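Asks: quick check, what structure comes out for this input:
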Amino acid sequence: MNKIDINEEKASTLNINEDKTIYILTKSAINKVFNVGKNAKLTVYHYSIDSTSDIEINLNGENANVEYHYSTISYNDNILKMNINHNSKKTISNVYNHGVNVLENKLSFYINGIIPKNIDGCVCNQENQIINIVNGQSTILPNLLIDNYDVSSSHSAYIGKFRDEVLFYLMSRGISKEKATHLLIEGLLISGGDLEQEEVIKFQTEIENI
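Replies: Now for the predicted structure:
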């Protein structure tokens, strides 16, 4: 497992030619391009605090693989734009975009999985979820732009609040509503990865401040 170094964090383009796991914490707008080469797997844990993100992922070599976990806490109007370009055969993408909209603001996800004609044997999946704490305005547009039949793909989109029965269950176990909400937010936004990473710890602190 490799932590993203300071030069990579500042770079607008990253070229990945080996298996790599990186952690990113952003508090301002970010534009980043990931180029993943043949037989390489990129795993990203991207934590965003009240910021807009524009992400482009290019799967440029056969068997290139990306697993992208994007988690955001939003207080103002913010947008995630993500394009996943399958530029070679037998490429794999699995992206998980989760957000918490804290106030009456706008949080939007625009996610495009793109597979052109003659790019066979690909996997292209995306899962998108936004929780509105109050009455925020949220949008998810999960697009699969696929011009090939030899593909496995799926997408999902959910916008809403935590279910009352889940909160009630936690509260029936002696957990306060505030603590139960924080536990559910943490479960949504922090999944997998190394909990001891500095980025994760700082993001958990932000959750506690909601």
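Asks: tell me the SS of the residue nearest to the spatial centre of the chain?
Replies: What sits nearest the mean C-alpha location of the chain, by CA atoms, centre = their mean, is Y70, with 2.0 Å. For Y70, the assignment made with DSSP: H, G, I helix; E, B strand; the rest coil gives strand.
Asks: check L167 too.
Replies: L167 - assigned by three-state DSSP - is helix.
Asks: quick one: contacts for the closest residue to it other than its chain neighbours?
Replies: Nearest residue to L167, sequence neighbours excluded (CB to CB, 6 or more residues apart in numbering): A180, at 5.4 Å. (C-beta placed from N, C-alpha, C; glycine too.) By CB atoms under 8 Å, 6 or more residues apart in numbering, A180 lies in contact with 167, 170-171.
Asks: kindly report the same for S138.
Replies: Counting by CB under 8 Å, 6+ apart, the residues that S138 touches are 99, 101, 106-108, 130, 132, 159.
Asks: where's it, which helix or strand?
Replies: In this structure, S138 is located in strand 137-146 according to DSSP states H and E.
Asks: quick check: buried residues in the following helix or strand past that strand?
Replies: Where DSSP H and E defines the elements, the next helix or strand beyond strand 137-146 is strand 151-160. Of all the residues in strand 151-160, those buried under the rule 16 or more other CB atoms under 10 Å are 151, 153, 155, 157, 159.
Asks: where are the low-confidence patches of the chain?
Replies: 1-10 (pLDDT under 70).
Asks: residue boundaries of the helices in it?
Replies: 6-10, 164-172, 177-189, 198-208 (DSSP state H).
Asks: make TSV from these and add distance to I146 to it.
Replies: Shown next, in TSV, are the helices of the chain (distance: least, CB to CB, whole Å):
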stretch	distance to I146
helix 6-10	31
helix 164-172	34
helix 177-189	28
helix 198-208	33
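Asks: of those helices, which is nearest L144?
Replies: Closest to L144 of those, according to CB to CB: helix 177-189, at 23.2 Å.
Asks: list the buried ones in that closest one?
Replies: Neighbour-count burial for helix 177-189 [16+ other CB under 10 Å]: 180-182, 184-185, 188-189.
Asks: then stretch 63-76?
Replies: 63-74.
Asks: tell me the gap between that stretch and the middle of its chain.
Replies: In terms of CA atoms, centre = their mean, to the nearest Å, the centre of stretch 63-76 is found 2 Å from the chain centre.
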